[in-house]
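Trainee: Predicted model follows, preceded by the sequence.
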Amino acid sequence: MPTIVLRDHENRDQGFLLVAGSEAVFAMDTRDVVLMALPSPTTSPNATFLQRFKHAEFKADFTIGDSGGRISFAVTPELSFLASLDASGTGSWSAGTIGGGSCRWLNDG
């Protein structure tokens, strides 16, 4: 199962985005994903977002380009999640105006 670690802007691990299946991250156009949250002693916007939606399953769109790819899905009708990864598997993520940070996949298939 491809796993993407989600970090805050201070490079602290905040949670994970789990991608369903055993195929490479960008092997399909649409896949199920699940947000996971790590315990956090702080109440940062990122930590609060991930705690609120942990274990929630979403249908995500996967778009691949020449230099990487994007994963996007609607968390709520008003809130979208976006992760952009380069060819080496590092990049950034955001949850609307709530927050975001850096990300990288831990494995790819």
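Mentor: Cool, got the structure.

Trainee: which residue sits closest to Ala60, ignoring its sequence neighbours?
Mentor: Closest residue in space to Ala60, ignoring its immediate chain neighbours: Phe73 at 4.0 Å, by C-beta to C-beta, 6 or more residues apart in numbering. For the C-beta atoms, the positions are set from N, CA and C on the backbone; glycine is no exception.

Trainee: Tell me the pLDDT of the one you found.
Mentor: For Phe73, the model assigns a pLDDT of 98.

Trainee: got the buried residues for the helix or strand where it lies?
Mentor: Secondary-structure element containing Phe73, defined by DSSP states H and E: strand 68-76. Neighbour-count burial for strand 68-76 flags Gly68, Gly69, Arg70, Ile71, Phe73, Val75 (criterion: 16 or more other C-beta atoms under 10 Å).

Trainee: next one: stretch 27-36
Mentor: In stretch 27-36, counting by 16+ other C-beta under 10 Å, buried: Arg31, Val33, Val34, Leu35, Met36.

Trainee: Please save the CA atoms from that stretch in PDB.
Mentor: Output in PDB follows, covering the C-alpha atoms of stretch 27-36 (Å, rounded to 0.1, in the frame of the first residue of the first chain):
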ATOM      1  CA  ALA A  27      -0.800   3.600 -11.600                       C
ATOM      2  CA  MET A  28      -4.500   4.600 -11.800                       C
ATOM      3  CA  ASP A  29      -6.500   7.800 -12.400                       C
ATOM      4  CA  THR A  30      -8.800   7.300  -9.400                       C
ATOM      5  CA  ARG A  31      -8.200   5.500  -6.100                       C
ATOM      6  CA  ASP A  32      -9.500   5.300  -2.600                       C
ATOM      7  CA  VAL A  33      -7.300   7.100   0.000                       C
ATOM      8  CA  VAL A  34      -7.500   7.300   3.800                       C
ATOM      9  CA  LEU A  35      -6.100  10.100   6.000                       C
ATOM     10  CA  MET A  36      -4.300   9.000   9.200                       C
END
